[in-house]
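K.L.:
Predicted model and sequence follow; I will ask about them next.
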Amino acid sequence: MKPRILLSVNSKRDNYIEAVNNCGGIAVPRYCPDVSSEYDGLIICGGNDIDPAYYNEKMNGSVDIDAKRDIAEFALAKAFAEKKKPILGICRGCQLLNVAFGGSLYQDISNASEHCSFSNYDLVHKVMVKKDSFLYKMYGAEFYVNSFHHQAIKETGNGFDVLATADNTTIEGIIHKELPIFGVQWHPERMCFVNKREDTVDGSEIFKFFIKLCKEF
């Protein structure tokens, strides 16, 4: 049976749906979904900045806050984590998972122009990953990904290890030490299938890995 994957997402959902469905899952996209036990896994997708009040800071570079989505996704992250169900965070989702576990963010990174075009296209840069991690086994020690973010993880949340970095400074991925929870700062849904790129790795491998976790659960 294919696992049902809840996508917490805004209006830009087609790429996520295609990636999940083509990798063996059943995507169920919702904006600000209620907490439910009927799903086998959760993907917190990209989107707006998170209100810095969640990590005890005032507004200092954060923009386009979606308060309703913040409330919904922090509740989802807590509920799925308590059930030890798999969670994948993508871009905003990676940052939200980090904050949900007590971490913090840089509200506007100093080298934002190297990570975000501030237009309608992704930049590309290299990331370095932790040896023996699942990403290392997929792609090797270094590889190229797309990029569209002006914020990044500052202090990692409780229980998380750094999974990937750019230029050995900007955190690009995190993974929980005990729970089936991880996040990536890039957008693998824009690196696979109809969106597959020649200048990055194939993002479908991340969705296949996540859906395998959901099946095992």
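P.N.:
Okay, I see it.
K.L.:
Could you check how far the residue nearest to C32 when sequence neighbours are not counted is from H150?
P.N.:
Counting by Cβ to Cβ, 6 or more residues apart in numbering, A72 is the residue found nearest to C32 once chain neighbours are left out, at 3.9 Å. From N, CA and C alone the C-beta is placed, and that goes for glycine too. Counting by Cβ to Cβ, to the nearest Å, the gap from A72 to H150 is 23 Å.
K.L.:
What of I211?
P.N.:
Counting by Cβ to Cβ, the gap from I211 to H150 is 30 Å.
K.L.:
Neighbour count: these two, which is higher?
P.N.:
Set side by side, I211 and H150 show more neighbours around I211, with 24 against 18, by other Cβ atoms under 10 Å.
K.L.:
Would it be right to say that the more buried one lies in a helix?
P.N.:
Yes. I211 forms part of a helix when assessed by DSSP: H, G, I helix; E, B strand; the rest coil.
K.L.:
quick one, what contacts the residue nearest to C32?
P.N.:
8, 32-34 (Cβ atoms under 8 Å, 6 or more residues apart in numbering).
K.L.:
So for it, what's the pLDDT?
P.N.:
According to the prediction, A72 has pLDDT 98.
K.L.:
can you tell me which helix or strand it belongs to?
P.N.:
Element membership of A72 [criterion: DSSP states H and E] is helix 67-82.
K.L.:
Pairing partners for the helix or strand that that helix is followed by, with directions?
P.N.:
Proceeding C-terminally, helix 67-82 gives way to strand 87-90 as the next helix or strand, assigned by DSSP H and E. If you go by DSSP bridges, strand 87-90 pairs up with strand 41-44 (parallel), strand 181-184 (parallel).
K.L.:
Just give me the residue right at the centre of this structure.
P.N.:
Centroid-nearest residue in the chain, with Cα atoms, centre = their mean: I90, separated by 1.8 Å.
K.L.:
hang on, the earlier thing: any chance of a PyMOL selection covering the buried ones in the contacts of A72?
P.N.:
Selection of buried members from the contacts of A72 for PyMOL, criterion 16 or more other Cβ atoms under 10 Å:
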select buried, resi 8+32+33
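K.L.:
In strands, which of the contacts of A72 appear?
P.N.:
S8 (DSSP state E).
K.L.:
ok, so of the contacts of A72, who is nearest Y136?
P.N.:
S8 (27.9 Å; Cβ to Cβ).
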